[in-house]
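Novice: Any chance you could fold what I've pasted below:
(chains A and B)
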Amino acid sequence: MLFWVIAAVLTLGASLAVLLPLAARPKSESSDTAHDLEVYRDQLSELDRDLDRGLIQPSEAEQARAEIGRRILRLSAARQEQAGGERSFGLRLIPVIAVLAVPLVSWAVYARLGSPDIPSQPLSERLARNPADSTVDELVARAESHLAANPSDGRGWEVLAPIYMRMQRFSDSARAYDNAIRLLGSNADRQSGLGEALVNAAGGRIAGDARAAFLAALEHDPSDARSQFFLAMASAQDGRMEDAVASWKRMRDSLPEGSPWRGAAGQALAQAGLEMAERGPGPGQEEVEAATAMSEQDRAEMIAGMVERLDERLRENPQDGEGWKQLIRSHLVLGDANKARDVLARAVEALGADTEQAKAVIAFAASNGLKMTEQVQ
Amino acid sequence: MVEIGHFALVLALALGLVQMTVPLIGARLRDERMMAVAGPVTLAGFVFTALSFAILTMAYARSDFSLQNVWENSHSLKPMLYKITGVWGNHEGSMLLWVFILTFFGALVAIFGRNLPTTLRATVLAVQGSVGVAFFLFILITSNPFTRLSPAPVEGRDLNPILQDIGLAIHPPLLYLGYVGFSVSFAFSVAALIEGRIDAAWARWVRPWTLVAWVFLTGGIAMGSYWAYYELGWGGFWFWDPVENASFMPWLAGTALLHSAIVMEKRSALKIWTLLLAILTFSLSLLGTFLVRSGVLTSVHAFAADPSRGVFILCILMLFIGGSLALFALRASSLTQGGLFQPISREGALVLNNLFLTTATATVFIGTLYPLLVEALSGDKISVGPPFFNLTFIPLMVPLLVLVPFGPLLAWKRGDALAAAQRLMFAFAAALAAVLVTAFLIDGSSAIAALGVGLAIWLMIGALTDLAVKAGLGNVEPSVAWRRFIGLPRSVFGTALAHLGLGLTVLGLVGAICFGTESVLTMKPEQITELSGKRVRFDNVVPVQGPNYNDERAHFSLLGPAGEVRREIWSSRRFYPVRQMNTTEAGIATLGFSQLYISIGETTESGLVVRLWWKPFVTLIWGGGLVMMAGGTLSLLDRRLRVGAPARRSRKGAVKPAVEAA
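Specialist: Numbering: from 1, shown residues only, chains lettered A, B, ... in the order given. All right, here's what the predicted structure looks like:
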């Protein structure tokens, strides 16, 4: 409402700027030639000054004076014709149109372009609102601005860290856990949270810093399930599949029924069982070539990581025919037909047996000498 | 509040429509009341545009992310200065600044032009208004900064880190004041063509506006060059980059316009040429806006992919350039011709100046647009780099620079070249001495360097000679000469200062290009390296956390002869996490007019990659620009420029006695 009042006042002001001069009585016009005359007079006086200073010779000055004089004469000869008389009806309409144009044009254009219902939303005001009315993003932003002002509030970081994790802002989450550990001290929960954030930030790879965090968590609480799970995963990524399976089995058997990590361990076991049957995952062709330049250990790590990544991606997003073909080809290139066949089976299952994509994958596999068989397990 | 800004912008458009039509019709019909509309409407348009701009700035300052423009270019953690400069650090906001400055100049004409002939004033404001309308429409239709987002995000995407610098606070406003300032000369020219009348008062009116624009553009270009120098981190100060050329072309044409306007005022000659130059200068400003704002420079194909903005500016370009040139073709012949004059005379020298400057503008124009044309026609991306400009632009400039000191010393109408040359003997001797000293004592390897130093000295001493001659030094007693010197018109000082500044810039360029040295190496802490006799020690690298960036700051010490620390230098690499971008902050130590410039790269196993430059006299490049600005400003303060108005006669009496006493 306030907006419309201000807008109306502004429109009124703008219209007055047009209306008032049109309504005023015309002043008498000064002659145009007066301006030129002034310039020429000034030129004459400057000529005198230059002469005083000795910059020009008296004869030159005389000539110049004569030239300026001629210009002045020419000026007085040229009299301006004055216009006047009655205006036609059309011309008298112009002022009316001009005055009306301002409100009409502005309101019409604004009606098309503007969003008068959206209030302005400065960040500080939004953050000061009742938390119950805020969105999650705003709550997080509020917490962030609070922590920017009080960076030593360890509790704040601890609360924010898992929220970041849920929002998929993994590196922010890791930073928040880091700060919480620094300010509040290390404990199992914070360390394993930090580890998980680091793993997610690294796209699933369990690197040294994450491992250190999980080990620190286990020092505080040897039964911390999250750390056990990820450390087992780390063993699997290193190729020590037996160790991984052993820990997951232990977790599956010892954790209580409702624990999410028990289910996760079970899933991991199912997957691992599949991989245990056929050792040696493999990468794509160009990476094999790159791998020949590496040391034996680096190569094994790289290949494992590669195929794992692709595998992981297809698990999350199975509707990807090209991806499945690539994974099958990777296994075939490494001479691992059984593994390739497994993948083919998974692909068909994921894509749906009758879909075009599945048929394309089957055809691709067949052209590489691979036939659909029953599930190996 | 935000929507009030939007509404004010729309109102400014509506007022602009009135401004471009009613006064123009009034001037044709000699209707006093309709012409009288021009002033109030122009002022109101300025007020509403200013309100709109202020509200957008407020939205930036308060991080109102319900505006798409704020969300795209700001971040709540940015320091307040960069929140505000971020307003024009993007396309939409900078166009609003452009049109804001346009209405500002319109308002100035409306206020200070009260004693212009009424029809001329009404026509000028109408033309100015039509430019405004075109840009208001452009902003509202294709690049509206007031587009809203609902629901509003809570955090912005941050401003391009390269722009998060004090340079952004100064460079674009100065540059736009220059670009847009030429719109006034343009409006005066078009108005003269519409009226079919051009006279001495016209010339007096156009010159100060041209000077104002020129002063700002000079500052804008110099500032932009210095900004690129310290921010891009590889020590260059001019890249012949299309964006730079876009601002350089109006400068060259504007410089020519300044000089031809003098001839027009003094001798009533070159009228038509001056009109044409005024039109061309503003056309080049518009072209610059088009080049920078349409995206055509990034790639002709990017432009073709999203052409709405580019095509719109292209239409504005064709309308104003084509329209004004067509008007020129129709009306120029009806304007009264000025007198003829001798080749050897002040006006002859100014014509020569114009010839050189316009030719130079043409070479830059070709060098800038030819690659775009080739890319548009054949799809090949070619680059016309510094070699082209060095081979075309510099040979054109050198003769002009050699002739500069002669110009002010020649008399109007009939000059004496020989007498002028005699007066310049001292300057010539000084220049010759400088050449010899440079060649034999400093660096004999490059003749060009020695000649360049000589040219710079020639320009500087030549400019001072002009002052000495006008004061009568040597002909009259020193005390008389001194009083004469004090009594010289300010425009004479302005001329001398501007030419002196030119000499300083040339000296800076020659120094930095011909005598500069550079070295690239990897350094370990405590290692000492030497460059042109300057011993520099790399101490350590310190990580620093900025408000919205992480800084890797390297500390260097410039050592004196005894190993003591003469100067500390910090050079850093910044990482901006929101944009995932790196910037460099060069470490610069200024020693006299010269600078030691250090920029750091990656840290490798063998140490930190360090690039060092020694740039003798480099600050003179921009210092010369400042001196030129000072010269332009002094010239602007000249009393004569304010005359030409019957209403102000009374003031003249007060000044005159002082002058006559001299």
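Novice: Is chain A within reach of the strand or helix carrying residue B:48?
Specialist: Secondary-structure assignment from DSSP states H and E places residue B:48 in helix B:38-61. Yes. Remark: helix B:38-61 sits within contact range of chain A at B:39, B:40, B:41, B:43, B:44, B:48, B:59, by C-beta under 8 Å from any C-beta of the partner chain. In short, each C-beta sits where N, CA and C put it, glycine included.
Novice: Can you report how many residues neighbour the fifth one?
Specialist: The local packing count at residue B:44 equals 25, with neighbours defined by other C-beta atoms under 10 Å in any protein chain shown.
Novice: How many neighbouring residues does residue B:332 have?
Specialist: Applying the criterion other C-beta under 10 Å, we find 17 residues in the vicinity of residue B:332.
Novice: Show the backbone phi and psi for the nearest residue to it once chain neighbours are set aside.
Specialist: Nearest-residue entry for residue B:332: residue B:272, 5.0 Å, with adjacent residues in sequence omitted and distances by C-beta to C-beta, 6 or more residues apart in numbering or on different chains. Backbone dihedrals for residue B:272, given as degrees, to the nearest 10, come out at phi -70, psi -40.
Novice: So for residue B:272, what's the pLDDT?
Specialist: For residue B:272, the pLDDT comes out at 87.
Novice: returning to that earlier point: next helix or strand past the helix holding residue B:48?
Specialist: Past helix B:38-61, further along toward the C-terminus, the next helix or strand under DSSP H and E is helix B:68-73.
Novice: pLDDT (mean, whole number) over that next one?
Specialist: Mean pLDDT, computed over helix B:68-73, is 90.
Novice: One more: stretch B:430-450?
Specialist: Per-residue pLDDT values over stretch B:430-450 give a mean of 82.
Novice: For chain B, which residue occupies the most central location?
Specialist: Most central in chain B under C-alpha atoms, centre = their mean is residue B:217, positioned 2.1 Å from the mean C-alpha point.
Novice: Apologies, that question was intended for chain A.
Specialist: In chain A, the C-alpha closest to the average C-alpha coordinate belongs to residue A:169, at a distance of 12.4 Å (C-alpha atoms, centre = their mean).
Novice: Pretty sure residue B:608 sits in a helix.
Specialist: No. Counting by DSSP: H, G, I helix; E, B strand; the rest coil, residue B:608 is not part of a helix but strand.
Novice: From residue B:139, how far out is the closest residue to it other than its chain neighbours?
Specialist: Spatial nearest neighbour of residue B:608, chain neighbours left out: residue B:523 (5.4 Å); criterion: C-beta to C-beta, 6+ apart. Plainly put, residue B:523 is 50 Å away from residue B:139 if you go by C-beta to C-beta, to the nearest Å.
Novice: ok, now which ones touch the residue nearest to the centre of chain B?
Specialist: B:174, B:175, B:177, B:178, B:179, B:181, B:182, B:247, B:250, B:251, B:254 (C-beta atoms under 8 Å, 6 or more residues apart in numbering or on different chains).
Novice: Counting only strands, which of these make the cut?
Specialist: Assignment to strands by DSSP state E places none of the contacts of residue B:217 there.
Novice: Out of those, which is nearest to residue B:5?
Specialist: Sorting those by distance to residue B:5 puts residue B:177 at the head of the list, at 22.0 Å, by C-beta to C-beta.
Novice: And stretch B:48-62, what's buried?
Specialist: Counting neighbours by 16 or more other C-beta atoms under 10 Å in any protein chain shown, one finds that the buried residues in stretch B:48-62 are B:48-53, B:55-62.
Novice: Tell me the bridge partners for residue B:531.
Specialist: residue B:534 (DSSP bridges).
Novice: Show me the shaky parts of the stretch 1-150 of chain A.
Specialist: In the predicted model of the stretch 1-150 of chain A, residues A:26-35, A:54-55, A:76-90, A:129-134 satisfy pLDDT under 70.
Novice: which residue ranges form the helices in it?
Specialist: Secondary structure of the stretch 1-150 of chain A by DSSP state H, counting those that start in this stretch: the helices cover A:2-23, A:33-53, A:58-77, A:89-113, A:123-128, A:136-149.
Novice: quick one: contacts of stretch A:144-160?
Specialist: Under the criterion C-beta under 8 Å, 6+ apart, residues A:123, A:127, A:140, A:143, A:176-177, A:179-180, A:182-184, A:190, B:76-77 lie in contact with stretch A:144-160.
Novice: okay, now residue 7: neighbour count?
Specialist: You didn't pick a chain, so chain A it is. Applying other C-beta under 10 Å, we find 22 other residues in the vicinity of residue A:7.
Novice: oops, chain B please
Specialist: When counting by other C-beta under 10 Å, one arrives at 28 neighbours for residue B:7.
Novice: Now name the helix or strand holding it.
Specialist: helix B:2-29.
Novice: returning to that earlier point: quick one: which of the residues of helix B:38-61 next to chain A is nearest residue B:206?
Specialist: Sorting these by how near they are to residue B:206, with C-beta to C-beta, puts residue B:39 at the top with 19.3 Å.
Novice: ok, and the closest non-adjacent residue to the closest one?
Specialist: The shortest distance from residue B:39 to any residue other than its chain neighbours is 4.5 Å, reached at residue B:110 (C-beta to C-beta, 6+ apart).
Novice: tell me what the helix or strand encompassing the one you found is packed against?
Specialist: Using DSSP H and E, the element containing residue B:110 is helix B:91-112. Contacts defined by 3 or more C-beta pairs under 8 Å, 6 or more residues apart in numbering or on different chains; DSSP states H and E place helix B:91-112 against helix B:2-29, helix B:38-61, helix B:68-73, helix B:118-142, helix B:166-195, helix B:271-293.
Novice: between the longest one and helix B:2-29, how big is the angle?
Specialist: Orientation note: helix B:166-195 sits at an angle of 30 degrees relative to helix B:2-29 (axes from the mean of the first three to the mean of the last three C-alpha atoms, to 10 degrees).
Novice: Can you give me the buried ones in helix B:166-195?
Specialist: Residues of helix B:166-195 classed as buried under the neighbour-count rule (16+ other C-beta under 10 Å) are B:167-195.
Novice: do it and chain A meet at all?
Specialist: No. Helix B:166-195 stays out of contact with chain A when judged by C-beta under 8 Å from any C-beta, the minimum separation being 9.6 Å.
Novice: ditto for the fourth one
Specialist: Yes. If you take C-beta under 8 Å from any C-beta as the test, helix B:118-142 does meet chain A, through B:118, B:119, B:120, B:140.
Novice: what's the helix holding residue B:48 packed up against?
Specialist: helix A:2-23, helix B:2-29, helix B:68-73, helix B:80-85, helix B:91-112, helix B:118-142.
Novice: what's the pLDDT at residue B:418?
Specialist: For residue B:418, the model assigns a pLDDT of 83.
Novice: again, but for residue B:632
Specialist: According to the per-residue confidence, residue B:632 scores 93 in pLDDT.
Novice: For it, which non-adjacent residue is spatially closest?
Specialist: residue B:215 (3.8 Å).
Novice: isn't the residue nearest to residue B:332 right next to residue B:335, touching?
Specialist: Yes. Under the criterion of C-beta atoms under 8 Å, residue B:272 lies in contact with residue B:335, with a separation of 6.0 Å.
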